[in-house]
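*Asks:* Need coordinates for the below:
(one chain, ligands or ions: 1)
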Amino acid sequence: MASDKAQVKLYWLEKSRAQNILWLLEELKIDYEIETFRRGSDMLAPSELKKIHPLGKSPLVSVTPPGPSSEPIILAESGFITQYLSEHFGHETTMMPKRWKEGQEGKVGGETEEWMRWQYLLHFVEGTFMSTLIIAVVVGMLKSNKIPFFLRPITSMVANQILSSFILPNLKGQLGFLEKQLETSSGDYLCGKNLTSADVLLSFGLLSVRDRLEEYGSWPAGGPQGVYPKLFAYSTRLESQPGYKKSVEKIKEIDSSLGIEF
Ligand SMILES: N[C@@H](CCC(=O)N[C@@H](CS)C(=O)NCC(=O)O)C(=O)O
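*Replies:* Numbering: from 1, shown residues only. The predicted model follows:
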């Protein structure tokens, strides 16, 4: 029998930003299915994911509209998935801010401040923030024990140089920007008083990098927490959200040996 509701399935990869989408699905309070995948020893996703989407990355989401013989819609790219799910399933939640100011519908400049922030942040997270974090992870590999021990002192020196002179200054700019967003949002979250899917989308990257910042170079006394007090308090607030906790529990229930944090 055809379902009267859309069927949603998340293809979740361990230690990946798919955790954001799992949290989002919890916030949207919809029924969904989840299939979990492990990374290989090379840290890449298994080739099965390429059968779902040609790039074979995670997260991937399939949405099958209600009705007989509906074909699943395959969604890729975290920002796009977040936008699509928030727009279709988020109306009774705070995930997507109201778009238009009263009487300004469809006009240039008619968007609310909250919606403008939300939309911008969906692009910022993947286009800017995650790209910087991925470069940091890749450069950090030059210091790992996968590098032959006799070369490691040299590769580590090169890695530290790139981290402190290129990656950290960029990262500091982005973290400072987020700190400012929190200062000016008139609430506890990036777009205002309510948790939105932009906060959810940022969470995996922010929580992954938060405790590594000191490895990337020097900081004033008080460390990163002293420089970005609001951002650190906000990151703790994200972790204490019931939906976040539920998303972590969900994976543990499926298989407690699956990794969540990067
Ligand atoms: N821009 C994509 C990035 C997707 C992506 O690279 N996902 C990582 C996990 S965080 C992945 O699948 N890595 C495994 C691989 O590259 O094979 C998005 O926003 O979803």
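
*Asks:* use CA for all of it now, contacts and neighbours both
*Replies:* Will do.

*Asks:* And the helices in the protein, which stretches?
*Replies:* Applying DSSP state H to the chain gives helices spanning 18-28, 49-52, 78-89, 113-124, 130-140, 152-162, 168-183, 197-210, 223-227, 229-239, 242-254.

*Asks:* Report the spatially closest residue to the residue nearest in space to the middle of the chain, excluding sequence-adjacent ones.
*Replies:* Centroid-nearest residue in the chain: L201, 3.6 Å away (criterion: CA atoms, centre = their mean). Excluding its sequence neighbours, the residue lying closest to L201 (CA to CA, 6 or more residues apart in numbering) is N20, at 5.5 Å.

*Asks:* Is it correct that that neighbour is in contact with F204?
*Replies:* Yes. Counting by CA atoms under 8 Å, N20 does reach F204; the two are 6.1 Å apart.

*Asks:* quick one, which of these two is more surrounded?
*Replies:* Neighbour count, other CA atoms under 10 Å: between N20 and F204, N20 has more, with 25 against 21.

*Asks:* Okay, now the unreliable bits of the stretch 1-150 of the chain?
*Replies:* Across the stretch 1-150 of the chain, the ranges flagged by pLDDT under 70 are 1-3.

*Asks:* Quick one: name the residues of it near the ligand.
*Replies:* 16-17, 44-45, 57-59, 77-79, 126 (CA under 6 Å from any ligand atom).

*Asks:* Just the buried subset of these, please.
*Replies:* 16-17, 45, 57-59, 78-79, 126 (16 or more other CA atoms under 10 Å).

*Asks:* Just flag the most distant two among these.
*Replies:* Pairwise distances across those peak at 19.3 Å for A45 and G79 (criterion: CA to CA).

*Asks:* about what we covered before: now the residues of the stretch 1-150 of the chain next to the ligand as JSON lines including distance to E249?
*Replies:* JSON lines is the format used below for these (distance: CA to CA, whole Å):
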{"residue": "S16", "distance to E249": "16"}
{"residue": "R17", "distance to E249": "16"}
{"residue": "L44", "distance to E249": "24"}
{"residue": "A45", "distance to E249": "22"}
{"residue": "K57", "distance to E249": "23"}
{"residue": "S58", "distance to E249": "20"}
{"residue": "P59", "distance to E249": "18"}
{"residue": "E77", "distance to E249": "24"}
{"residue": "S78", "distance to E249": "21"}
{"residue": "G79", "distance to E249": "24"}
{"residue": "E126", "distance to E249": "25"}
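
*Asks:* which one of these is nearest E113?
*Replies:* Looking across those and measuring by CA to CA, the closest to E113 is G79, at 19.0 Å.

*Asks:* so who does that closest one touch?
*Replies:* 122-123, 125-126, 201 (CA atoms under 8 Å, 6 or more residues apart in numbering).

*Asks:* that older thread, which of the helices of the chain has the highest mean neighbour count?
*Replies:* helix 18-28 (a mean of 24; mean count of other CA atoms under 10 Å).

*Asks:* what residues does that one touch?
*Replies:* By CA under 8 Å, 6+ apart, the surrounding residues in contact with helix 18-28 are 10-12, 32, 58-60, 78, 81-82, 86, 89-90, 93, 95, 197, 200-204, 243-244, 246-248, 260.

*Asks:* I am finished for the moment; much appreciated.
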